[in-house]
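S.K.: Show me the folded form of this:
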Amino acid sequence: MATAKPELQLSLQFVDAAHRAELPRHKVLRWMRAALEAPAEITVRIVGAEEGQALNRDFRGKDYATNVLTFDYAHEPVVMADLVLCAPVVEREAREMGKPLQAHYAHLLVHGTLHAQGYDHEAEDEAELMEGRETEILLALGYEDPYARDAG
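M.R.: Okay, the predicted model is just below:
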């Protein structure tokens, strides 16, 4: 018996529209809902390298653009957060890993949605829990385990 997924109010913004075709709203909703454990109001913003670097520098003290930043404001009763994905970084990582761009976006949106709910990966036990949850969600969505290591 399938369980109903929590409601998601999504604002999807493209400052960098290069990947708009890879991120149709219905897919973004599906990926994020799969990771939700409570109702949520989340803004997803796809940005270029300059904005990605400025946000990472200003909020994390790291002067480079990163793949996804999660700004979580509330975990209950409604999850409230902003997810910022840096399109050039996501594209480069997908190419380096030899994985489809859409699959990498799906992973990062699941990852960011879990962060928005309080999951973290700073400590080893937290990382194990979070990565296990990501793998479970992505496999259920029809994607490969993002943490599987190539044997060859």
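S.K.: Check the secondary structure at the nearest residue to residue 70 once chain neighbours are set aside for me.
M.R.: Leaving aside its chain neighbours, residue 70 sits nearest to residue 115 (3.8 Å; criterion: Cβ to Cβ, 6 or more residues apart in numbering). C-beta here means a position set from N, CA and C on the backbone, and glycine is covered the same way. Three-state call for residue 115 (DSSP: H, G, I helix; E, B strand; the rest coil): helix.
S.K.: where does residue 38 land in three-state SS?
M.R.: coil.
S.K.: List phi and psi for it.
M.R.: When quoted as degrees, to the nearest 10, the phi and psi of residue 38 stand at phi -150, psi 160.
S.K.: chain center to the least confident helix or strand in the chain by mean pLDDT: distance?
M.R.: Among the helices and strands of the chain, helix 124-140 carries the lowest confidence by mean pLDDT, DSSP states H and E, at a mean of 94. On the basis of Cα atoms, centre = their mean, to the nearest Å, helix 124-140 sits 13 Å off its chain's mean C-alpha point.
S.K.: same thing with stretch 82-102?
M.R.: With Cα atoms, centre = their mean, you get 10 Å for stretch 82-102.
S.K.: again with stretch 116-136
M.R.: 13 Å.
S.K.: Okay, buried residues for it please.
M.R.: 116-117, 119, 121, 130-131, 133-135 (16 or more other Cβ atoms under 10 Å).
S.K.: For the residues you listed, give me CSV that also has distance to residue 5.
M.R.: CSV is the format used below for these (distance: Cβ to Cβ, whole Å):
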residue, distance to residue 5
116, 15
117, 13
119, 17
121, 23
130, 19
131, 21
133, 15
134, 16
135, 18
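S.K.: Quick check: of the residues you listed, which lies closest to residue 36?
M.R.: residue 117 (7.3 Å; Cβ to Cβ).
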